[in-house]
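[1] dropping a prediction and its sequence here:
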Amino acid sequence: MTELNQQTTYDDNNIFAKMLDGDIPYHKVYEDDKTFAFMDIMPQAEGHVLVIPKQKAVDLADLEPEYAAAVLMTSKKVMQAQRQVFEREGVIQMQLNGSQAGQTVFHYHVHLIPSSIHELGRHAVTQADSNDLANIAQKLAAVIDA
């Protein structure tokens, strides 16, 4: 039997927890009482947004139903904004559970990437320009708030 290298306990020092605490800068797209959406600083395509719950959950198995529903509703809002801002129908929705699946931050999160699976860049390879991310975040947030 293979030994699993799975993180199962929540680490309060993960980067998303630090963002929620205001300890790390970010480019916010949307926020409500249960969720937070922000630009991925290592995007796989332009407009790559992450949606996280404000619940301490490592992966889907830990997520309480009301937070799962809230993440889904926030994802819907962000995806509609991405379609409008980027003038495209296709948005990849991706969620990874566990290191073997490619999860690198152990706080539940959904990737929303306005791209084609055939054009997708590699995950966590290139850091985007902060000014570009801020500009995209503003455009998406304006559509959501409209």
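    Looks like it came in fine.
[2] so where's the chain shaky on pLDDT?
    Counting by pLDDT under 70, the chain contains low-confidence ranges at 1-6.
[3] remind me, longest helix of it?
    Once the chain is assigned using DSSP state H, the helix that runs over the most residues is helix 65-86.
[4] now the element after that one, going C-ward?
    strand 92-94 (DSSP states H and E).
[5] tell me the helix or strand right after that next one.
    Following strand 92-94 in sequence, per DSSP H and E, is strand 110-113.
[6] partner strands of that next one, with direction?
    strand 49-53 (antiparallel), strand 92-94 (antiparallel) (DSSP bridges).
[7] run through who's touching the first one.
    Looking back up the chat, that one is strand 49-53. If you take CB atoms under 8 Å, 6 or more residues apart in numbering as the criterion, strand 49-53 is touched by 16, 20, 29, 34-40, 63, 67-68, 70-71, 74-75, 78, 82, 107-113, 140. The way it works is simple: take the backbone N, C-alpha and C, and place the C-beta from them, glycine included.
[8] what residue is smack in the middle of the chain?
    Closest residue to the average C-alpha location of the chain: Leu50 at 1.3 Å, with CA atoms, centre = their mean.
[9] could you dump the strands paired with strand 110-113 to TSV with distance to Val125?
    Shown next, in TSV, are the strands paired with strand 110-113 (distance: least, CB to CB, whole Å):
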stretch	distance to Val125
strand 49-53	16
strand 92-94	15
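[10] let me know which of those strands is tucked in deepest.
    Of the strands paired with strand 110-113, the one with the most neighbours on average (mean count of other CB atoms under 10 Å) is strand 49-53, at a mean of 25.
[11] distance from the chain centre to that strand, please.
    Relative to the centre of its chain, strand 49-53 is centred 3 Å away, using CA atoms, centre = their mean, to the nearest Å.
[12] please apply the same query to stretch 90-100.
    The answer for stretch 90-100 is 9 Å, by CA atoms, centre = their mean.
[13] pretty sure Ser99 contacts Gln7?
    Yes - the pair Ser99 / Gln7 is scored as a contact, 7.0 Å apart, by CB atoms under 8 Å.
[14] hey, what's the closest residue to Ser75 other than its chain neighbours bridged with?
    Nearest non-adjacent residue to Ser75, counting by CB to CB, 6 or more residues apart in numbering: Val51, 5.0 Å away. Beta bridges link Val51 to Ala37, Val110, judged by DSSP bridges.
[15] all good on my end, thank you.
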